[in-house]
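Asker: Generate a structure from the sequence data that follows.
(4 chains)
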There are 2 protein chains.
Amino acid sequence: MADNPKSRCPKEFFDFVVRRGLRQTPQRRAIVELVVSTRQHFTAEQLYDWARARDASVSRATVYRTLTLLTESGLIQELELGKEVKYYDPNYVAHPDHNHIICLDCGKIIEFDSPEIDQQAQKIAQDLGFAVKSRRLQILATCDELQKTGHCSRKAD
Amino acid sequence: MADNPKSRCPKEFFDFVVRRGLRQTPQRRAIVELVVSTRQHFTAEQLYDWARARDASVSRATVYRTLTLLTESGLIQELELGKEVKYYDPNYVAHPDHNHIICLDCGKIIEFDSPEIDQQAQKIAQDLGFAVKSRRLQILATCDELQKTGHCSRKAD
DNA sequence: CTGACTGCAAAGGCTTTGCAACCAG
DNA sequence: CTGGTTGCAAAGCCTTTGCAGTCAG
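Answerer: Next up is the predicted model:
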């Protein structure tokens, strides 16, 4: 859905690492590189699998610890999708205000921006006496294509 | 925030119970009555405490089991607020499409409806080839009052 | 060298489940 | 009576943490 180049230099993250007086380790590097090179949403377990494939020495503990750092640095954002586990979204750097459509048919997650909705939300909050810090809109929907053709071309992704 | 009468007869739920061939037990009744008589959001643990106060024989297991039934019956809805635990919202029956503002200052959760946003969301989803089943919009915000006066009158609730 | 980082396994915290007794209909 | 329900305690699951060894800077 998004259209930013597929990989970004993890500079943002290593700035953060330096600022915090942290260190750069092979495990950390493997995990971070994976995260910045995908636009997919992923779970801790998935990231653990990916990382293991690159560097078998990576442990779950390090994945979780790095996930915390990545979230704090703003490189990823936690996603509560109403599914069992937590997902992480690496696309907030490129699209800080994007929203999600979650397909109930195939589980696919589509992202979209909507300045109109942002504006509306902004106005409503203001009227109620609040200053918006962030917002998240999730739309649960069924897929027209699947309903009509019995096949979902998005399912592949 | 909402403005429906403060208590509703759990008829909807007992219809559901009958339809499913379930039974009506004192524990179940206690829990359901608590749920339909509040407009507050609550956690499983809170509900457990409330229920214990009414009927000390209620166990956590029954609370969780009843929570599942209540969710399936549509009387409450799970809420992912980005906090540690899951919350439950009993106000969807009265306001099926309401949204939430979560105050980062005091933690208070304010509900609001917005036909405009619903409509926008509807349109966007349609354009992308989806049929909206439900949506949830959460706005994280800070409270003007607290920022200005250092005191939040909503905190009381 | 020093203290941040790691893996491992144990511990946590919330939720689910197996089981035998119980009781609603 | 029958089988849905319950409480209890054990089990599950995902995530966090204590610890001793390791390694980045």
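Asker: per-residue confidence for the residue nearest the centre of chain A?
Answerer: Centroid-nearest residue in chain A: A:D89, 0.3 Å away (criterion: Cα atoms, centre = their mean). On pLDDT, A:D89 comes in at 89.
Asker: Just the mean pLDDT for the longest strand along chain A, thanks.
Answerer: Under DSSP state E, the strand in chain A containing the largest number of residues is strand A:130-143. The pLDDT scores in strand A:130-143 average 90.
Asker: next one: stretch A:108-116
Answerer: For stretch A:108-116, the mean per-residue pLDDT is 90.
Asker: now that stretch: how far from the chain's centre is it?
Answerer: 13 Å (Cα atoms, centre = their mean, to the nearest Å).
Asker: In it, which residues are buried?
Answerer: A:108-112, A:114 (16 or more other Cβ atoms under 10 Å in any protein chain shown). (Each C-beta comes from the backbone N, C-alpha and C, glycine too.)
Asker: how about the CA coordinates for it, as CSV?
Answerer: What follows is stretch A:108-116, C-alpha atoms only, in CSV (Å, rounded to 0.1, in the frame of the first residue of the first chain):
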residue,chain,number,x,y,z
LYS,A,108,-4.8,-8.7,5.0
ILE,A,109,-4.1,-5.3,6.4
ILE,A,110,-4.3,-2.3,4.1
GLU,A,111,-3.0,1.1,5.0
PHE,A,112,-4.4,4.5,4.0
ASP,A,113,-4.1,8.1,4.8
SER,A,114,-7.1,10.4,5.2
PRO,A,115,-6.5,14.1,5.8
GLU,A,116,-10.2,14.6,6.0
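Asker: Tell me if that stretch is near chain B.
Answerer: Yes. With Cβ under 8 Å from any Cβ of the partner chain as the criterion, chain B is reached by stretch A:108-116 at A:110, A:112, A:114, A:116.
Asker: go on, stretch A:86-106?
Answerer: Yes. Shown here: stretch A:86-106 in contact with chain B (Cβ under 8 Å from any Cβ) through A:101, A:103-104.
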